Structures are given as C-alpha cells and as structure tokens.
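**Q** need coordinates for the following:
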Amino acid sequence: MASRYFIITAGATGAGKTKLIEKTLVHLGINDQPYVKILVDDLVETDSKYKAIVGDIIQEVLDKCSSKQRVDVIKCEKEAYDTPTDELYDKFSQAYYTIRGSPGCHGLPKSCNELNDENITNATKNNENVVFEFTGSYIPIWLFDPKYIPSNYKIVMAYSLVTLTNLIQRNKTRAYDSVQSFRADNQRHAPRLPNVSPETFQEVVLKIYQTLIGIHESCVLSYDIDTCGKNKINQLLLFDNNGSDLQLNFDSATQQLNKDEFNALILPSFGLPEAIERRTKRRTKRRTKRRTKRGTKRGTKRGTKRGTKRGGTH
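**A** Residues are numbered from 1 along each chain as shown. Next up is the predicted model:
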C-alpha cells in the first residue's frame, strides 16, 4: 500500500494554522494531492444548536449596549468582545463544550468528539491524506495509535510559531470581527470566544514551547513510547510566522540539533518574557538532572545486582 501522510498542524489561536497547511503541503511536495481536513471546531461551529445559542448570546450583548443611554453601541459591543467579562467568556465556553461533548451533534446520536474520531478512522480506512489541526500544547498520545493512524502513514507534525506580543496583537479584534461576520451571514461558522488575555496567552505559549522541547527530546532525538505514543513521528517541521510570511526554521528530516541548539533556535520565535525563559530553563535542567540521577541509580543498582549474581555462581 502506498504511503500516505497524516499531517498534524499546530499553533496557538491566531498563529496562522490555515496558511500553515498550504506551506506544509508544498514543503512535502504533495500540494497537488487531495486531503481530508479534520478539526472538531468545524463540527461544533456549524452545528445548528451551537449557532442558536451563540446567536442568543450575541443578541444579549447587543441589547445590553443598546439599552445604555448616550453610549456608542458599536464601540460598546467592540469593547465587550475585545475585553470580555468572565461571565461572557463562560457563556461561550459552556456553549462550545456542551455541544462538543453531548450527543446530537448535527442531529446525529453521537457527540462532535465522537464524530471527529469517526472522521479520522474513515479517512485513513479510505487511504486518504489527512490534515489534523489542534493547538499543539500537548503531545496527542491518543492519536498516535494504529487504530487511528495505520502503519502505511507518514506522521508529520508542523508548528506555526508566533511571539507572545504578536499573538496578542493579532487576536485583538478577532472575536469582534467573527461576531460581525456571523451576524451578517449565519451560514458562516458561529464564532467561539477564546480567552485571549495576555495571561492566558502567556500560559498557552509556554505550554507549546515546553511541548516542543519534549517532542524534540523524546520523539525526535530518541523515542519514548510512553511519551510519544505507539506511532513514531516521522518528521517535525517548525515555521516562524512573525513576519509577512511563514518561514521554515526547522525540519527534523534534514537538521540534526542537540537539545541546547534546538532550544536556542526556537526561543526567538516565541518571544517569551525573560523571566519565563529562565523559569523554563530551570525546569528543563531539573527534569534532565532527575532523569540522569534516576538513570545512574538504576544503572548502579543493575550493575551491583549483576555483579552479586555473577559472584555467587563462581
């Protein structure tokens, strides 16, 4: 059976994952081949129940702004989405996760999560190229299983990296613009309201950074099945999206970097505050030290055990 690609595109909200798909396909030389895109958000955001709930939330915001005297309604509404209250954020979040996890997605007995899994298995059974999109803030061990990705597939992980400052700037009016687009045409995807506060983005960016360090260390330089899952990642691609276009910064198929070299390469693409960089380096150093200590302890224990055993047989 001919090899197929299972491409996992990753990045924070506003990192440019749509453009990343095209860049990845071109780099792999398969941009002329069809593919199936798998994204659970597409199922949720096009579900009629989710659209109805979001439509009601949007109307509530508009009514609240309209009821205020001597207030610019457009400005009021824009501020509501640019700097949402916890109450507004919770309403959108509850709507999203309720529809995503409950039976009845698109009028079917299954949830959107279950339908998404079904879409993956159907695509691989049909031997189609697959593009799976997620944030990349953890290693999706559940996905790296033969029941989802058969052995004839080449697994490629591609990240779009954007600095914390640029992410905050790019997402500043994202929610408001999405709301206006949906209001003008409810055939479009109903918007989500992700938490785009600087504090939240800082945590997301840090998690993506730490995940990449883990992928490179445990899934590229070596292979730890407990960390990386049953299927091995064949190729890791990193694109920097801080300029006018995505630039390929790393390809594990052609670049061999040690831990320090890899860390030095990716840090500028994240633009993490120095304090977080120092904290992350300390954590990485402590983890490495603990692993080395455990390895030395196990090695010494095994050596002593073998020596005792051998000594007793002579």
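
**Q** C-alpha from now on. contacts and neighbour counts both.
**A** Will do.

**Q** quick check, pLDDT for Leu20.
**A** On the pLDDT scale, Leu20 is placed at 97.

**Q** please, which helix or strand holds Thr13?
**A** Using DSSP states H and E, Thr13 sits in no helix or strand.

**Q** might you list the low-confidence residue ranges for the stretch 1-150 of the chain?
**A** 1-2 (pLDDT under 70).

**Q** show me where it has helices.
**A** Secondary structure of the stretch 1-150 of the chain by DSSP state H, counting those that start in this stretch: the helices cover 17-28, 40-45, 48-66, 73-82, 86-101, 112-125.

**Q** dump these into TSV; add mean neighbour count as well.
**A** As requested, the helices of the stretch 1-150 of the chain are exported to TSV (neighbours: other CA atoms under 10 Å):
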stretch	mean neighbour count
helix 17-28	17
helix 40-45	20
helix 48-66	17
helix 73-82	17
helix 86-101	16
helix 112-125	18
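
**Q** identify the residue nearest Lys49 in space, chain neighbours excluded?
**A** Ile99 (7.6 Å; CA to CA, 6 or more residues apart in numbering).

**Q** quick one on the thing from earlier: right, so of the helices of the stretch 1-150 of the chain, which gets closest to Arg188?
**A** helix 40-45 (8.5 Å; CA to CA).

**Q** name the helices or strands packed onto that closest one?
**A** Secondary-structure packing of helix 40-45 (3 or more CA pairs under 8 Å, 6 or more residues apart in numbering; DSSP states H and E): helix 86-101, helix 112-125.

**Q** phi, psi of the spatially closest residue to Lys110 that is not a sequence neighbour?
**A** Nearest residue to Lys110 in three dimensions, chain neighbours excluded: Pro103, at 4.6 Å (CA to CA, 6+ apart). Main-chain dihedrals, Pro103, degrees, to the nearest 10: phi -60, psi 150.

**Q** swap in Lys147?
**A** Phi and psi for Lys147, reported as degrees, to the nearest 10, are phi -70, psi -20.

**Q** any idea how far it lies from Ile225?
**A** As defined by CA to CA, to the nearest Å, Lys147 lies at a distance of 16 Å from Ile225.

**Q** strands of the stretch 151-300 of the chain, start to end?
**A** Assigned by DSSP state E, counting those that start in this stretch, the stretch 151-300 of the chain shows strands spanning 153-161, 235-240, 247-251.

**Q** so what strands line up beside the shortest one?
**A** Same thing as strand 247-251. strand 235-240 (antiparallel) (DSSP bridges).

**Q** please state the offset of the strand it pairs with from the chain centre?
**A** 13 Å (CA atoms, centre = their mean, to the nearest Å).

**Q** same question for stretch 29-39.
**A** Centre-to-centre, stretch 29-39 and its host chain are 18 Å apart (CA atoms, centre = their mean).

**Q** okay, buried residues for it please.
**A** Neighbour counts over stretch 29-39 (16 or more other CA atoms under 10 Å) mark 35, 37-39 as buried.

**Q** again with stretch 162-176
**A** 162-168, 171-172, 174-176.

**Q** out of those, who's nearest Gln235?
**A** Closest to Gln235, out of all of the buried residues of stretch 162-176 and judged by CA to CA, is Val162, at 20.4 Å.

**Q** and the closest one, how close does it get to Trp142?
**A** 26 Å.

**Q** phi and psi next, for the residue positioned nearest the centre of the chain.
**A** Residue closest to the average C-alpha location in the chain (CA atoms, centre = their mean): Thr135, at 1.4 Å. As for Thr135, its main-chain torsions (degrees, to the nearest 10) stand at phi -70, psi -30.

**Q** was I right about it contacting Gly11?
**A** Yes: Thr135 lies in contact with Gly11 (CA atoms under 8 Å); the separation is 4.7 Å.

**Q** so what sits against both of these two?
**A** Residues touching both Thr135 and Gly11 (CA atoms under 8 Å, 6 or more residues apart in numbering) are Ile208.

**Q** what comes into contact with stretch 249-265?
**A** So stretch 249-265 is contacted by 213, 216-217, 220-221, 234-240 (CA under 8 Å, 6+ apart).

**Q** again with stretch 174-194
**A** Stretch 174-194 is touched from outside by 42, 45-46, 50-51, 54-55, 58, 77-78, 81-82, 89, 92-93, 96, with contacts defined as CA under 8 Å, 6+ apart.

**Q** just how off-centre is stretch 210-224 within its chain?
**A** That offset, for stretch 210-224, works out to 16 Å (CA atoms, centre = their mean).

**Q** which of the residues in it are buried?
**A** 210-220, 223.

**Q** taking those, tell me the two that lie furthest apart.
**A** The span of the buried residues of stretch 210-224, defined through CA to CA, is set by Gln210 and Tyr223 at 17.0 Å.
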